[in-house]
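Student: One predicted model, sequence on top.
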Amino acid sequence: MFNTILICSDGSDHALKAAKQAVEIARLHEACLVLLHVEPSELQPYAVPWQLEIGQAPMQHLSAEHKANLEATKALCKDERVTYRCRHEHGHPAEQIIRVAEEEEADLIVMGSRGLSEWKALLLGSVSDHVLHHAHCSMLIVR
């Protein structure tokens, strides 16, 4: 049923919890996982600093917490013998998640819930809400 599952991580505990669910689903379906981190940009979409390739964000920009969560996710994949690969992108998180899901031909996107207050969600919207309404595939939001 699922061949490629995209895990979206912002380094939070919510994202790690989502990754655990995604690893279990991948194990059951013998699917490949794509571990995605998007480095948010205050620049215009697709405008990146000259030293970066378009759409790519280097690992050194990840926080210590995010690196630890990424390593924990990799360890989960290895423990469960799940095939995975990592992608690091730069830009607007929701737009990059949708773009990568299409490029990777993902069957499922798995994300953690950030739990914004109703007021903030109303004013700002959320990445998961945007992805939910624009992605070409199924989506699982883990609380």
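Tutor: On my side now, so go ahead. All values derive from a computational prediction rather than experimental measurement.

Student: So what's the residue count around residue 88?
Tutor: Neighbour count of residue 88, defined by other Cβ atoms under 10 Å: 17. From N, CA and C alone the C-beta is placed, and that goes for glycine too.

Student: in its sheet, what does the helix or strand harbouring it sit against?
Tutor: According to DSSP states H and E, residue 88 maps onto strand 84-90. Here strand 84-90 is paired, per DSSP bridges, with strand 32-39 (parallel).

Student: so what's the nearest residue to residue 12 once chain neighbours are set aside bridging to?
Tutor: Among residues not flanking residue 12 along the chain, residue 112 sits closest, at 6.3 Å (Cβ to Cβ, 6 or more residues apart in numbering). Per DSSP bridges, the residues bridged to residue 112 are residue 142.

Student: wait, doesn't residue 142 sit right on residue 113?
Tutor: Yes - at 6.6 Å, residue 142 and residue 113 qualify as touching, with contact defined as Cβ atoms under 8 Å.

Student: any shared contact partners between these two?
Tutor: The contact sets of residue 142 and residue 113 overlap at residue 14 (Cβ atoms under 8 Å, 6 or more residues apart in numbering).

Student: So which residues of the chain form helices?
Tutor: 13-29, 64-79, 93-103, 118-124, 127-134 (DSSP state H).

Student: wait, what's in contact with the residue nearest to residue 12?
Tutor: Counted by Cβ under 8 Å, 6+ apart, residue 112 has contacts 9-10, 12-18, 141-143.

Student: Just the buried ones among the residues you listed, please.
Tutor: For the contacts of residue 112, a neighbour count by 16 or more other Cβ atoms under 10 Å gives the buried set as 9-10, 12, 14-16, 18, 141-142.

Student: So which of the helices of the chain is nearest residue 37?
Tutor: helix 64-79 (6.9 Å; Cβ to Cβ).

Student: for the record, mean pLDDT for the closest one?
Tutor: Averaged across helix 64-79, pLDDT comes to 88.

Student: which parts of that helix are buried?
Tutor: Buried residues in helix 64-79 (16+ other Cβ under 10 Å): 66, 69-70, 73-74, 76-77.
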